[in-house]
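>>> just a sequence and a predicted model for now, questions to come.
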Amino acid sequence: MKTQLIQDLEALVPRFAEALAEADASDVEAVRVQFLGRKGSLAALMAAMGGLDPQDRPEVGRVANAVKARLAELWQQCQERLAQKAQGAAMPFDAGDPAWVPHVGALHPTTRIQQEICAVLQRMGFETVSGPEVETDFHNFEALNLPPGHPARDMQDTLYITERVLLRTHTSPMQVRTMLARRPPLAIIAPGKVYRRDSDLTHTPMFHQIEGLLVDREVTMAQLRGVLTALVQAVFGASTRVRFRPSFFPFTEPSAEVDMSCVLCGGRGVLDSGEGCRVCKGTGWVEILGCGMVDPAVFAKVGIDPEQWSGFAFGLGVERMAMLKYGIGDLRLFFENDSRFVRQFA
Amino acid sequence: MLLGLSWLRQWTPFEGTAEELADRLTMLGLEVEDIRDPFAHLTSVVTGRVVECVPHPASDHLSVCRVDVGGAEFLPIVCGAPNVAAGQMVPVATVGTTLPGGMTIQKAKLRGERSWGMICSERELGLGESHGGIMVLDPKLSPGVPVPDALGLERVVLDVSITPNRADCLSVLGLARETAAAFGLPLHLPQVQLTEAGEPWSFAVEAEADACPLYQARLIRSLSVAPSPDWMRYRLLACGMRPRNNLVDVTNYVLLETGQPLHAFDADRLHGGRIRAARTPQPLDFTTLDGQVRRMEPGDILIWDAQGPVAVAGVMGGQDSEVTETTTNVLLESAVFHSLSVRRTARRLGIASEAAYRFERGVDQLATTWALDRAAALMAELAGGVVAPGVAGAEPVPYVPRSVSFRPRRVFQVLGVDPGEEFAHKTLVSLGCAVTNHENAWEVTLPSFRLDLEREIDLVEEVARFYGMDRIPAVLPPVSLSLDALAQADTSFAETAAVKAWGKGAGLLEAVNYSFVSAADIKRCGLPLEHAVRVANPLSEDMEVLRTDLVPGMLRALRHNIAGGTTRVRLFEVARIFVSDAQRETTVAEALRLAILLHGARFAERAPYPRGEVAFADIKGLVEHLLVHLGLGPCRWLVEQARPYLAEQATAWVDGRSIGAVGRIAPSIADAYEARGAVWYADLDLERLLAMARQARLRFTPLGRFPVVRRDVTLRMGWDISVDQVLGAVAAMQEPLVDEHFVLDVYHPQDAAVRHVTVRVVYRHPERTLKDKEVDKVHSRLVSRIVQQLPVQVV
Ligand SMILES: [Zn+2]
């Protein structure tokens, strides 16, 4: 008797919800009477409680009250729905009412600028490739004309796994992997994480680079400059100037360091306030990447004839680009993942 | 490399400013990082004439002076030096000067007497070790002149960053050569006036060919060790070297001048009249001149006398043959050592000497004699010695001139701009090359000091450097595409970008964590360490293991956010995990994962959002949303223990394959990262998801045109079966009229052991309108089948 009564009471909830859902303004009152009216289903079941053992009554009473409250709630919701329907456009409203904005997400600034840079290069016909972050000494150094003991290895402090396996110190091994796997012509870019044994205010042990490689007939340094100028202007604006300075990388010859006119002072070296610019240290230029023509020794390692083919390669630091583009002063922010930081790059 | 401007000007008559020189060198690939005045801190130290000097009335060792520093009034200065006297010209640190020792001069009273400045010793000015009293200057100087100018100190030093290929530029000589070539100036080598005298001598010199291509030595007799003259000490100081004595200073001075490292042995402490440059065949202990006992390994090149080793070749001398205060006879070494060996030895011993730095990059074998003679002559001059006649030496590998064939048209082919043959010719000659013209190619003999020039392309670069790389025009290349390349196209970047775009769209913030974590992090999360990849030389314990799961990084990011006051955290990360795999070329398997972490309130605490914490429904919902986004599904959820760091958890399965796990971070772990309240987490195998998404075929389903009929059934069920099973049972019936079915409502009755789940089934016929009666029939059959199959009752 008691169990049956509880079950009957609880069954009222879905039945009432269902009936209300199918009702409209004309017959909703009839539904209410049927369930909640003086002779309605709820009243009938409440009346039946009189026949219970007195010790069962409190328990069934609690269930009855819960069910009654839930039915009242359903009725309230139904009335609101019908009222809204009836009022239509005539409803009073305040455009200043707080909005229900869905959750706002954001890409990390490195992802954001990486995608922007890759998009520019993809439009020029470069294909994006990826490869391992744990590399062999061969791909990371040897094939790039950096044999063991080469003093230029000092330029990159390396994190080793074993003597022959390491965390790649640059994205350049992707040049080697691509040239070993495919025949020219090649036009690839390889974005990814790189690692160095270095940690201070301006270095983190992990950061991101984008490698570029073009191998074809009669590739020239002028074309390299064209691609990099187009890239820098697409990312930093058409008035940005690019400067080529000779430099040294074992895997390119000739090699160049590329400077871009400073974004903060417009390349003047001084701010409007007359203060010296701290971003470019007053020089008007900021170093952004290294590049050059693929060294014949690298071609030899991957079996490409340097008399038939020529190529250029470049590698740029993603965090550096993001810092310059968004005016971020502190490199460490990139790896703390503070929501207040990441949210700004939505 | 620190380059003094006046030093450079002794070698080539460059008349321009330091800035002009810096710009030109930088654009030649010799980047000038800084131009500085090494004695800027002494600018307010001026010459002063001691006009009056009387004993201090209240002290027996102080003097009260009045000093003329060129101003309207004489300065009163109390001086404690015994050698101060009226009439002297002395350096006066004026009020406000901060001396190298850190003391700042202020107006003071010393035992009642005013003192408005300080008369300084050499040591107080950082110009020398002598502290036997104040520095007494040339009395002919006029008062009030800044001391750096009065002493003729180097006021302009360029800090030039030399790339590893340009060993030749690690010297004044090398930078003078570049300057001369760049500005069309002559190069003046200092005249070496070497006078040989005294008894003939002989030293038997032996050099192993693979260790030491050239070894030369001179004997200089009757030297007296003393401090070097001012000009040499000041010049060394300006270039960052600490002066020692006139013998050691000469070797350093000539090293800076020529780039040739030299070593001075006390000839009387060498035994047996013989010198040998050879690798040690067995390990041995050797005491270097800094007093440290160093372990030498087989293969290290040592210099040996008749009794044993006396120096680590090219790295550091030995204690037992070092020059001392009492040295009178010096054996001066100028040699060429095998660069790789020097580098290996120096690195292993942790010695970063100027000598090793140059030997490991390569020295000019044809310049060793000149450097030796230059240093011998200077030693004789400065230390009153006599250069003994002749040079003792061995040259097992004589220098062979190198030449390379150069096609001038290659310059245009490589650069895309043509500086012209004449320019190329002029440039190569100005760099010291000898050029012989042939039809299409030139025969270019390379200078001995440019070890970096070996091939035609290296000469192309030289022409480009001097032409100006910044004059290369910008043109866009045609980019060739091949069908092959398109077929092999790597789609992972675009796919990953799409997943990240999903994360952003789903209201998550992207995290980028380090790929390395601490072993403690991994253990704390209950993950095994056995297949983890360890970094052999980590920066710190925090970065010793490559992550095998994204969870430690995500929890660290959570902790950082909580510490920064962000209590509502919604993060995702797309990154690789690493485990050992001997089968792979790199011995490591890398796999892409996607992690999602939710913590705190579901919505921002403001209108119009409801209050409430994120729950299982949120994290599960994100995963199902991603699957829809990738065109995958349906997803089945199994309650099983899949991740050690999750408490309540379930695995997600698509097409019979596990794609990840979702659950609540175990409270003890969450606690360790300072999270109060539930942390919901998803770890997904993105590698697999992307592969499945690549295979997924999207097929169009025709739209239903006839009206639907809805029927609900409320089932009472326990917790021993899952809502998923009920839905699965409906699906398994494959009833053709069922258009869709889903949970309409879950009601938790007073009896907590059960719940009331209302399932809505939507019926539709593809070709006609359904009649209520036939729906009733199908529906009741469906309901009775469910009740038969599963432990549920209709309410
Ligand atoms: Zn600037």
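Everything's here; your move. Residues are numbered from 1 along each chain as shown, chains lettered A, B, ... in the order given.

>>> the ion contacts on chain A?
Within chain A, the positions adjacent to the ion are A:C262, A:L264, A:C265, A:C277, A:V279, A:C280 by Cβ under 5 Å from the ion. C-beta here means a position set from N, CA and C on the backbone, and glycine is covered the same way.

>>> go again with 8 Å.
A:262-271, A:277-284, A:286 (Cβ under 8 Å from the ion).

>>> just the buried residues of those.
For the residues of chain A next to the ion, a neighbour count by 16 or more other Cβ atoms under 10 Å in any protein chain shown gives the buried set as A:C262, A:V263, A:C265, A:G266, A:G267, A:G269, A:C277, A:V279, A:C280, A:T283, A:G284, A:V286.

>>> pretty sure the last one contacts A:C265?
I take that to be A:V286. No. Judged on Cβ atoms under 8 Å, A:V286 makes no contact with A:C265 at a distance of 10.0 Å.

>>> name the residues contacting each of those two.
Applying Cβ atoms under 8 Å, 6 or more residues apart in numbering or on different chains, one finds that A:V286 and A:C265 are jointly contacted by A:V279, A:C280.

>>> now name the helix or strand holding the closest residue to the ion within the stretch 51-200 of chain A.
Proximity of the stretch 51-200 of chain A to the ion (Cβ to the ion) peaks at A:I113, 19.4 Å away. Applying DSSP states H and E as the criterion places A:I113 in helix A:109-123.

>>> before we move on, the earlier item: where does the closest residue to the residue of the stretch 51-200 of chain A closest to the ion other than its chain neighbours land in three-state SS?
Using Cβ to Cβ, 6 or more residues apart in numbering or on different chains and skipping residues adjacent in sequence, the residue nearest A:I113 is A:A322, 4.5 Å away. Counting by DSSP: H, G, I helix; E, B strand; the rest coil, the backbone at A:A322 sits in helix.

>>> if we can go back for a sec, isn't the residue of the stretch 51-200 of chain A closest to the ion right up against A:M321?
Yes. Counting by Cβ under 8 Å, A:I113 does reach A:M321; the two are 5.3 Å apart.

>>> common neighbours of those two, please.
Contacts common to A:I113 and A:M321, judged by Cβ under 8 Å, 6+ apart, are A:V235.

>>> on that earlier part again, who's in contact with the residue nearest to A:I113?
A:P109, A:T110, A:R112, A:I113, A:I328, A:F334.

>>> try it again with 7 Å
For A:A322, the contact set (Cβ atoms under 7 Å, 6 or more residues apart in numbering or on different chains) comprises A:P109, A:T110, A:I113, A:I328.

>>> hang on, the earlier thing: and the helix or strand that the helix holding A:I113 is followed by, how far out from the chain middle?
The helix or strand immediately downstream of helix A:109-123 is strand A:127-128, counting by DSSP H and E. Relative to the mean C-alpha coordinate of its chain, strand A:127-128 is positioned 18 Å out (Cα atoms, centre = their mean, to the nearest Å).

>>> neighbouring strands - and their directions - for strand A:127-128?
strand A:186-195 (parallel) (DSSP bridges).

>>> name the residues of the partner strand that are buried.
Those would be A:L186, A:A187, A:I188, A:I189, A:A190, A:P191, A:G192, A:K193, A:V194, A:Y195, for strand A:186-195 by 16+ other Cβ under 10 Å.

>>> and stretch B:54-66, by the same measure?
For stretch B:54-66, by 16+ other Cβ under 10 Å, it's B:H56, B:L62, B:S63, B:V64, B:C65, B:R66.

>>> quick one: B:G553 from B:T586, how far?
21 Å (Cβ to Cβ, to the nearest Å).

>>> who has more neighbours out of the two?
Shown here are B:G553 and B:T586; by other Cβ atoms under 10 Å in any protein chain shown, B:G553 has more neighbours (24 against 21).

>>> contact partners for residue 157?
Just going to use chain A. A:D157 touches A:R196, A:R197, A:D198, counting by Cβ under 7 Å, 6+ apart.

>>> try again with chain B
B:L2, B:L3, B:G4, B:R36, B:P38, B:A238, B:C239.

>>> quick check: bridge partners of it?
In beta-bridge terms (that is, DSSP bridges), B:V157 pairs with B:G4, B:R36.

>>> and stretch B:429-448, end to end?
Its start and end residues considered, stretch B:429-448 measures 14 Å (Cα to Cα, to the nearest Å).

>>> give me the distance between it and the centre of its chain.
The answer for stretch B:429-448 is 38 Å, by Cα atoms, centre = their mean.

>>> so is it next to chain A?
No. Contact of stretch B:429-448 with chain A (Cβ under 7 Å from any Cβ of the partner chain) is absent, the minimum separation being 13.2 Å.

>>> report the buried residues of that stretch.
B:S430, B:L431, B:G432, B:C433, B:V435, B:A441, B:W442, B:V444, B:L446, B:P447, B:S448.

>>> next, the closest residue to the fourth one other than its chain neighbours: secondary structure please.
What that stands for is B:C433. Nearest non-adjacent residue to B:C433, counting by Cβ to Cβ, 6+ apart: B:V444, 5.0 Å away. Using three-state DSSP, the structure places B:V444 in strand.
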